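In: Sequence plus predicted model, see below.
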Amino acid sequence: MSKKTRKHKRILIEIYDTLYNAFGPQYWWPGETPFEVIIGAILTQNTSWGNVEKAINNLKKNRVCSINSLYKMQNKQLAALIKPAGYFNIKAKRLKEFMNFLVSNYRGSVKKMRTEDTQLLRNRLLSVNGIGPETADSILLYALEKPVFVIDAYTKRIMQRHKLVSDKTTYHELQTLFHENLPQDTRLFNEYHALFVKLGKDYCKTKPKCSECPLRGAEVIIL
DNA sequence: GACCAGGCACATC
DNA sequence: GATGTGCATGGT
């Protein structure tokens, strides 16, 4: 192992330890079932989680938070129920696209989907209209418990602000960094990403609060 | 009232 | 390949 690689590993673990010590376990994903996690992953695209919860509660109140119900439901009706999550027309379509995918490829069974090879499944998810890299990886990690590191706006922003990666780093490059320098551990990837979001929400928004940030001082390491 | 939030697809150059 | 735009609600 090269000196540089060892450094990367050390820094990524240090960041994790720092965040974990500061915030403790985050108990992610906030969802009761794998299916609900998937719904949330699609609804939370560019949207605050509070609004997503409202939308999911609407589905539950109307007893339609299931594959069968959503598969059969009209786009228009679904859009009305998920309205609080924003982009409701496009998200209704995306949810239905996923239901079609699940029914036609895995007989509507999340469990069956889970037995699919991870790389293959990721590619198939990406081919579904409305599922991009982050949504696919959120589904793989949080709904299906595959060791896949999720990169989101917070992850990118935090890593860039601390000069841990360049401004032009792509989703794939950033993900590869975590995959190559951490043990392939679902629990670790789960907690790590959740901690990034916690840090992002509390300290690393567009207007950062750097003076109180647990990661202050970790600014000058370039990977 | 502006700005932002746990993206993605599509158009255009 | 890079860059711009539409999608939309609810909280700060």
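Out: Yep, that arrived.
In: List, one by one, the residues from chain A near DNA strand C.
Out: A:46-48, A:50-51, A:54, A:83-84, A:86-91 (Cβ under 7 Å from any atom of the strand). Where you see a C-beta, it was placed from the backbone N, CA and C, and this is true even at glycine.
In: Pick out the most distant pair among those residues.
Out: A:50 and A:89 (20.5 Å; Cβ to Cβ).
In: between these two, who's got more neighbours?
Out: More crowded of residue A:50 and residue A:89, by other Cβ atoms under 10 Å: residue A:89, with 13 against 9.
In: Look up which helix or strand the more buried one falls in, please.
Out: Using DSSP states H and E, residue A:89 sits in helix A:88-106.
In: again with residue A:38
Out: Here residue A:38 is assigned to helix A:34-43, by DSSP H and E.
In: Please work out which residues outside that helix touch it.
Out: Applying Cβ atoms under 8 Å, 6 or more residues apart in numbering, the contact partners of helix A:34-43 are A:29-31, A:52, A:55-56, A:59, A:65-67, A:70, A:82, A:85, A:91, A:94-95, A:98, A:110, A:114, A:130-131, A:135, A:138-139, A:142-144.
In: among these, which are within reach of DNA strand B?
Out: Among those, DNA strand B is touched by A:29, A:30, A:130, A:131, A:135, A:138, A:142 when using Cβ under 7 Å from any atom of the strand.
In: If I look at residue A:222, what pLDDT would I see?
Out: Looking at residue A:222, its pLDDT reads 56.
In: sorry, that was for residue A:128
Out: 98.
In: Chain neighbours aside, what residue packs nearest to it?
Out: Spatial nearest neighbour of residue A:128, excluding adjacent residues (Cβ to Cβ, 6 or more residues apart in numbering): residue A:101 at 4.9 Å.
In: Compute the number of surrounding residues for that neighbour.
Out: Neighbours of residue A:101 (other Cβ under 10 Å): 18.
In: which residues touch it?
Out: Per Cβ under 8 Å, 6+ apart, neighbours of residue A:101: A:124, A:125, A:128.
In: Grab the nearest non-local neighbour of the first one.
Out: This means residue A:124. Residue A:124's closest residue in space is residue A:105 (Cβ to Cβ, 6+ apart), at 7.1 Å.
In: rewinding a little: among the contacts of residue A:101, which ones are buried?
Out: A:124, A:125, A:128 (16 or more other Cβ atoms under 10 Å).
In: ok, and the closest non-adjacent residue to residue A:142?
Out: Closest to residue A:142 by Cβ to Cβ, 6+ apart is residue A:29, at 3.9 Å.
In: Neighbours of the one you found, how many?
Out: 22.
In: Which pLDDT value goes with it?
Out: 97.
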